[in-house]
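[1] I'll drop the sequence and a predicted model, then ask my questions.
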Amino acid sequence: MKKNELTYELICAAVKGEKAALNQILIYYDEYINALATIVHKDEQGEKHYYVDEDLKTRIQMKLVKAIPKWRGLKK
(Lines give C-alpha, C1' and ligand atoms only; values in the text may rest on other atoms or scores of the structure.)
Protein backbone atom coordinates (compact mmCIF):
# COMPACT_ATOMS: atom_id res chain seq x y z
CA MET A 1 0.00 0.00 0.00
CA LYS A 2 1.25 3.46 -0.90
CA LYS A 3 1.61 6.13 1.75
CA ASN A 4 -1.57 8.18 2.17
CA GLU A 5 -3.67 5.82 0.08
CA LEU A 6 -7.27 5.31 1.11
CA THR A 7 -8.15 1.69 0.39
CA TYR A 8 -11.16 -0.47 1.05
CA GLU A 9 -9.07 -2.62 3.40
CA LEU A 10 -7.95 0.43 5.37
CA ILE A 11 -11.53 1.61 5.80
CA CYS A 12 -12.66 -1.88 6.87
CA ALA A 13 -9.87 -2.01 9.45
CA ALA A 14 -10.89 1.39 10.81
CA VAL A 15 -14.53 0.31 11.00
CA LYS A 16 -13.41 -2.72 13.03
CA GLY A 17 -11.68 -0.35 15.47
CA GLU A 18 -8.01 -0.60 14.52
CA LYS A 19 -6.35 2.58 15.78
CA ALA A 20 -3.53 2.53 13.22
CA ALA A 21 -6.06 2.42 10.38
CA LEU A 22 -8.03 5.27 11.91
CA ASN A 23 -4.85 7.34 12.21
CA GLN A 24 -4.05 6.66 8.54
CA ILE A 25 -7.50 7.91 7.54
CA LEU A 26 -7.02 11.07 9.60
CA ILE A 27 -3.65 11.62 7.91
CA TYR A 28 -5.24 11.06 4.50
CA TYR A 29 -7.87 13.75 5.16
CA ASP A 30 -5.57 16.16 7.06
CA GLU A 31 -5.09 18.70 4.24
CA TYR A 32 -8.82 18.73 3.49
CA ILE A 33 -9.69 19.17 7.16
CA ASN A 34 -7.13 21.98 7.43
CA ALA A 35 -8.83 23.71 4.49
CA LEU A 36 -12.23 23.36 6.17
CA ALA A 37 -10.88 24.70 9.47
CA THR A 38 -9.03 27.67 7.95
CA ILE A 39 -10.20 31.03 9.25
CA VAL A 40 -9.62 34.38 7.54
CA HIS A 41 -8.93 37.34 9.81
CA LYS A 42 -8.61 40.94 8.62
CA ASP A 43 -6.39 43.23 10.65
CA GLU A 44 -6.76 47.02 11.06
CA GLN A 45 -4.92 47.65 7.78
CA GLY A 46 -7.30 45.37 5.88
CA GLU A 47 -4.74 42.63 5.31
CA LYS A 48 -6.05 39.09 5.38
CA HIS A 49 -4.40 36.53 7.62
CA TYR A 50 -5.22 32.83 7.34
CA TYR A 51 -4.87 30.37 10.17
CA VAL A 52 -6.14 26.92 11.07
CA ASP A 53 -8.55 27.02 14.00
CA GLU A 54 -7.31 24.03 15.99
CA ASP A 55 -10.55 23.69 17.97
CA LEU A 56 -12.58 23.56 14.76
CA LYS A 57 -10.09 21.09 13.25
CA THR A 58 -10.45 18.82 16.27
CA ARG A 59 -14.26 18.97 16.05
CA ILE A 60 -14.16 18.02 12.36
CA GLN A 61 -11.76 15.15 13.07
CA MET A 62 -14.02 13.88 15.86
CA LYS A 63 -17.04 13.92 13.52
CA LEU A 64 -15.06 11.82 11.05
CA VAL A 65 -13.98 9.41 13.80
CA LYS A 66 -17.59 9.02 14.94
CA ALA A 67 -18.83 8.47 11.37
CA ILE A 68 -16.37 5.72 10.43
CA PRO A 69 -17.98 2.92 12.51
CA LYS A 70 -21.33 3.69 10.84
CA TRP A 71 -19.93 2.93 7.37
CA ARG A 72 -21.94 0.15 5.72
CA GLY A 73 -19.70 -0.83 2.84
CA LEU A 74 -18.44 -4.08 4.33
CA LYS A 75 -18.81 -7.12 2.11
CA LYS A 76 -20.99 -9.81 3.56
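    On my side now, so go ahead.
[2] Quick check: L26 vs K48, distance?
    28 Å (Cβ to Cβ, to the nearest Å). (Glycine included, C-beta is placed from N, CA and C.)
[3] Which positions within the lowest-mean-pLDDT helix or strand in the chain qualify as buried?
    None of the helices or strands of the chain scores lower by mean pLDDT, DSSP states H and E than helix 8-15, at a mean of 92. Across helix 8-15, burial judged by 16 or more other Cβ atoms under 10 Å covers 10-11, 13-15.
[4] Checking the residue sitting furthest away from the middle of the chain next. Helix, strand or coil?
    Largest separation from the mean C-alpha position in the chain: Q45, at 33.7 Å (Cα atoms, centre = their mean). Applying DSSP: H, G, I helix; E, B strand; the rest coil to Q45 yields a three-state assignment of coil.
[5] I'd like the distance between it and I39.
    18 Å.
[6] next one: A67
    23 Å.
[7] What of E47?
    E47 is 14 Å from I39, by Cβ to Cβ.
[8] same question, L22
    Counting by Cβ to Cβ, the gap from L22 to I39 is 26 Å.
[9] and I27, how many neighbours does it have?
    12 (other Cβ atoms under 10 Å).
[10] Dihedrals phi and psi, the residue lying closest to N4 once chain neighbours are set aside?
    Of all residues not flanking N4 in the chain, Y28 sits nearest, at 5.4 Å (Cβ to Cβ, 6 or more residues apart in numbering). Here is the backbone geometry of Y28 (degrees, to the nearest 10): phi -60, psi -40.
[11] Any chance of the backbone angles for H41?
    phi -120, psi 130.
[12] Once you drop chain neighbours, what's closest to it?
    Spatial nearest neighbour of H41, chain neighbours left out: H49 (4.8 Å); criterion: Cβ to Cβ, 6+ apart.
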